[in-house]
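Q: sequence plus the predicted model coming up.
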Amino acid sequence: MHSKNNVIITPVKNNISLYKITNKNGVEANITNYGATLLSLYVPTKNGKIDVVLGFHSIDEYIKAFEMGASPYFNAVVGRFAGRIKNAQFQLNGKTIQLDQNHGKHHLHGGKYQLSNVAWNFENYNEETNTLTFSYVSKANEFYPGDVTIEVAYTLTDENELNIKYKATTTEDTLLNLTNHAYFNLDGISGNTLDQKLQINAEKFLELDAENIPTGKFIPMENHAFDFRNPKNVVAGIDHCFVLKNHTAPAAILESVKNDLIMNVYTDQPAVQIYVGGKTSNELLNKDSVEFHTESGICFETQVFPDAPNHADFPNAILRKGETYLQDTTFEFIIS
């Protein structure tokens, strides 16, 4: 273990390390370069400091989960394409690109060559901004064209914001849609998200078929169980893409009445995929040996629409050679 200004770096195994950053208010983020994953996020509340993201007991459990094919992608950077792609194929420059079918006959979260189960490079720590930057080169392979160079920067501000910035370039035209798959629970990791209040800055969400693939149609939130235009308790079964109205208000707001804690989600992306889940295999050891269930966590996966390349009227997810992919998402904590 060694300290570098305000970051504490702890080597774990091989080329994997842990990185701890804190702010002046006692908020603490622990991040690993394995999957550029947020391992824990401690926030002070009226009931003491709590960890507000789910996760496993150790790095070995994260690795084991992927080896078992049972990873929930706890708090990892996801790509090259976050979400599902129908029949694992899309058109690019007049050619059919066939991806691997790792989700039934469909493609999910980047498939075989994903970003969540590899060791990223630790680039640097910026003391002035309290920023950790990681990089990874996703090489062209039998599925995705182009060598894609990606940077992810985690910043913890004294305003109790965890900001995540993404930057990427490619050597060939390719498909790119990145996100972070953090599972939040503002009551603490042993809580139930159904006890928390949710508000979403949207009027509609994507209609899905029986295999959770977008049909291309939209469902109005009005008079629907997923009508979160005003705050109400989280409901089970959400795994849907909400189309954001604007980027001036928070994309979503989550509130714990128990802890008087609010989290505002800000993003420059056109949508947020909200997923309520967290149940893990009995063969895997979770943090504090907590048994996670299907309502243990809620994800706010800021991104373009799932299956975007197969719908002409969906936001663009093609990154052209010579262009730069940029994304900016912030999780702001209002502590009473």
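A: Nice, I can see it.
Q: for the nearest residue to G216 once chain neighbours are set aside, the count of nearby residues, please.
A: Nearest non-adjacent residue to G216, counting by Cβ to Cβ, 6 or more residues apart in numbering: H311, 5.2 Å away. For the C-beta atoms, the positions are set from N, CA and C on the backbone; glycine is no exception. Number of residues near H311 (other Cβ atoms under 10 Å) recorded here: 16.
Q: what does the one 3 residues further on give?
A: Around F314 there are 20 other residues, counting by other Cβ under 10 Å.
Q: how about A312?
A: The burial count for A312: 8, using other Cβ under 10 Å.
Q: got it, and R320?
A: 15.
Q: got a list of what the residue lying closest to it once chain neighbours are set aside touches?
A: Of all residues not flanking R320 in the chain, D173 sits nearest, at 5.1 Å (Cβ to Cβ, 6+ apart). D173 makes contact with 92-93, 145-146, 318-321, according to Cβ atoms under 8 Å, 6 or more residues apart in numbering.
Q: show the buried residues in those residues.
A: Buried members of the contacts of D173, scored by 16 or more other Cβ atoms under 10 Å, are 92, 145-146, 318-319.
Q: which of the residues you listed fall within strands?
A: Members of the buried ones among the contacts of D173 lying in strands (criterion: DSSP state E): 92, 318-319.
Q: ok so, going back, give the contact list for the residue nearest to G216.
A: So H311 contacts 214, 216, 305 (Cβ under 8 Å, 6+ apart).
Q: nearest to Y183 among those?
A: Ranked by distance to Y183 (Cβ to Cβ), those are led by F305 at 21.3 Å.
Q: correct me if wrong: A251 contacts Q273.
A: No. Applying Cβ atoms under 8 Å as the test, A251 and Q273 come out as separate, 10.9 Å apart.
Q: any common contacting residues for the two?
A: Contacts common to A251 and Q273, judged by Cβ under 8 Å, 6+ apart, are 300, 302.
Q: could the ones in strands among the buried ones among the contacts of D173 go into a markdown table alongside pLDDT and distance to I335?
A: Below are those laid out as a markdown table (pLDDT from 0 to 100; distance: Cβ to Cβ, whole Å):
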| residue | pLDDT | distance to I335 |
| --- | --- | --- |
| L92 | 97 | 46 |
| I318 | 98 | 40 |
| L319 | 98 | 37 |
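Q: what is the nearest of the residues you listed to Y183?
A: Nearest member of those to Y183, counting by Cβ to Cβ, is L319, at 27.2 Å.
Q: circling back: turn the contacts of H311 into CSV, including secondary structure, distance to K165 and neighbour count.
A: As requested, those are arranged in CSV below (DSSP: H, G, I helix; E, B strand; the rest coil; distance: Cβ to Cβ, whole Å; neighbours: other Cβ atoms under 10 Å):
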residue, secondary structure, distance to K165, neighbour count
P214, strand, 27, 23
G216, strand, 31, 15
F305, coil, 21, 22
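Q: would you turn those into CSV with distance to N102 and pLDDT?
A: Shown next, in CSV, are those (distance: Cβ to Cβ, whole Å; pLDDT from 0 to 100):
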residue, distance to N102, pLDDT
P214, 18, 98
G216, 23, 98
F305, 20, 98
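Q: can you put the residues you listed in a markdown table and add distance to L38?
A: Below are the contacts of H311 laid out as a markdown table (distance: Cβ to Cβ, whole Å):
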| residue | distance to L38 |
| --- | --- |
| P214 | 27 |
| G216 | 33 |
| F305 | 24 |
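Q: and those, which is closest to L132?
A: Distances from L132 to those, taken by Cβ to Cβ, are shortest for F305, at 29.3 Å.
Q: fine by me, thanks again.
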